[in-house]
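>>> what's the 3D shape of this:
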Amino acid sequence: MSITPVDVLIIGSGMYVCGRGTEGYGTVLPAIFQAKRDGLVSRVLVAATRHTSIKEVEERAARLSHMIGAPTVIEGFPQKGENANAYEDALQQLGPRACVIIVVPDHLHFSIAKAVLEAPYPVLLVKPFTTTVEEGHQLVAMAEKNHVYGAVEFHKRWDWANRQLRKIIADRKLGTPLYAVIEFSQRKCIPLEVFRNWAERTNVFQYLAVHYVDLIAHVFKATPKRAMAVAQSAYLAEQGLRTPDAIQAIVEWDLPDSDIPFSSTFFVNWIDPQSTSAMSYQSIKVVGSTGRFESDQKDRGQQLITDDKGIEDINPYFTQAYEGEGQGAVQFDGYGIESIRTFVNDVRKLCDQEINLIALQRIRPTFRQALISTAVSQAVTESLEQDGVWVPVLHVQEGHA
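Residues are numbered from 1 along each chain as shown. Okay, the predicted model is just below:
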């Protein structure tokens, strides 16, 4: 059966899109280029705020398309100078079979997603969904009113270790879940260099921990009740950034079929040394009444030691390049790639009426599902502003994916 491809507009041109600031190619472009090679994608459009950013994307795209063996031409916006609203021009160039992937600073999620939904086109937002529950509710209402698919790129749902955890919980192998401990941190170059221009408009919980907030809601079918948090500011303040170095938060949840509160404790920072063996340190531990689950999601058992870079702990399951089937070809794979490819294929199925929005609501991190993570993040931020008091998490929905 032949597949009719869809157009894809990527709004954003940073590290996650094309690997800017790194030696790699990011996650979004490799996923989309391979989807084009496989017949899922037709045109690829990229919108940034500066033409110089588009030129860098085009240069990386040229190398990437050669590696993958799928010649791809990027249609870039703006075509000269600077234009903060270049994405609006790009939206006007899309055909009826199209979707949009938004990879921009947190505080721009709402306004840009709103414009895409008004167009209207299916949209995938990188995490977090929105910075406030009110913004999230508006996007959910708009998507549902316009019958448009909206999802958040919570790629940890596709990680095999986390998928196994969900099955373990469903099979009640741990008995009654009691608590979880999550540690997640990244190198200090993230707030100092990669996100320097907007690091003060977010915090490390909203940026990092929100991944595992969504995962807990997804794995345990849990409903958050209240949250409290404390933070420390030292290094980044010395560098002129008014955002915490580290945050510790406790979130209390209700679980289905259990009257025992489940708690999750988050330890997150973004001031790890530049010399760490991986960009991200991340782990999750779950303790239940009859068992224990531990997953070190930084140490995947693969290490590379070279004269140039020293010791590197490699996660072969996120976004990595592998030898492809064709001579000299490269295949990108991993749960980061799968998350984005799944969205594009879901859009294709929607266009061809092979799936509907109700079905996607049950199995994907849709806007309505993502409200949970935004509500918890908002409660944590309010707790920080109130010196660590318990803050109720706003009730945002019923049911879980």
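
>>> need phi/psi at Asp313.
Backbone geometry at Asp313, expressed as degrees, to the nearest 10, gives phi -90, psi 120.

>>> let me redo that: Glu354
Residue torsions, per degrees, to the nearest 10, at Glu354 are phi -90, psi -10.

>>> just give the number of residues close to it.
11 (other Cβ atoms under 10 Å). For every residue, glycine as well, the C-beta is placed using N, CA and C.

>>> do a quick rundown of the strands in the stretch 151-300 of the chain.
177-187, 223-232, 246-254, 262-272, 280-288, 292-296 (DSSP state E, counting those that start in this stretch).

>>> what about the chain, any weak spots by pLDDT?
For the chain, the stretches with pLDDT under 70 are 1, 326-328, 397-401.

>>> any idea how the chain splits into domains?
Using automatic domain parsing, the domain parsing of the chain gives 6-154+326-367, 157-319+371-392.

>>> got the end-to-end distance for the last one?
Across domain 157-319+371-392, the terminal residues are separated by 26 Å (Cα to Cα, to the nearest Å).

>>> what distance separates that domain from the centre of its chain?
13 Å (Cα atoms, centre = their mean, to the nearest Å).

>>> can you pull out the helices in the chain?
When secondary structure is read from DSSP state H, the chain shows helices at 15-18, 28-37, 51-68, 86-91, 109-118, 133-145, 160-170, 189, 204, 210-220, 235-238, 335-351, 357-363, 367-385.

>>> which stretch among these approaches Val152 most closely?
helix 367-385 (4.1 Å; Cβ to Cβ).

>>> now for the nearest residue to Ala84 once chain neighbours are set aside, how many residues are close by?
Distance criterion Cβ to Cβ, 6 or more residues apart in numbering; nearest residue to Ala84, sequence neighbours excluded, is Thr49 at 5.0 Å. Thr49: 19 surrounding residues under other Cβ under 10 Å.

>>> just list whatever residues bridge to Leu45.
Leu9, Glu75 (DSSP bridges).

>>> now do the contacts for it.
Asp7, Val8, Leu9, Ile10, Ile74, Glu75, Gly76, Phe77, Ala90, Gln93, Leu94 (Cβ atoms under 8 Å, 6 or more residues apart in numbering).

>>> which residue packs closest to the first one, ignoring adjacent ones?
It refers to Asp7. Ala98 is the one closest to Asp7 (Cβ to Cβ, 6+ apart), at 3.8 Å.

>>> wait, isn't the one you found in contact with Ile10?
No. Assessed by Cβ atoms under 8 Å, Ala98 is found out of contact with Ile10, at 11.7 Å.

>>> the two: which has the busier surroundings?
Ranked by neighbour count (other Cβ under 10 Å), Ala98 and Ile10 place Ile10 first, with 25 against 21.

>>> quick check: that one vs Gly26, distance?
10 Å (Cβ to Cβ, to the nearest Å).

>>> joint contacts of those two?
Val17.

>>> verify the stated contact: Ile284 with Phe267.
No. Taking contacts as Cβ under 8 Å, Ile284 lies outside contact range of Phe267: 11.2 Å.

>>> what touches both of these two?
Shared contacts of Ile284 and Phe267, defined by Cβ under 8 Å, 6+ apart, are found at Val181, Ile182.

>>> on that earlier part again, just send the helices of the chain back as TSV, with distance to Asn197 and mean neighbour count too.
Converted to TSV, the helices of the chain look like this (distance: least, Cβ to Cβ, whole Å; neighbours: other Cβ atoms under 10 Å):
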stretch	distance to Asn197	mean neighbour count
helix 15-18	13	23
helix 28-37	20	24
helix 51-68	13	18
helix 86-91	17	20
helix 109-118	16	20
helix 133-145	21	19
helix 160-170	32	15
helix 189	14	17
helix 204	16	25
helix 210-220	20	25
helix 235-238	14	15
helix 335-351	24	22
helix 357-363	34	14
helix 367-385	20	25
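
>>> relative to Ser258, which of the ones you listed is closest?
The nearest among those, by Cβ to Cβ, is helix 210-220 at 9.5 Å.

>>> that closest one vs strand 223-232, what angle?
150 degrees (axes from the mean of the first three to the mean of the last three Cα atoms, to 10 degrees).
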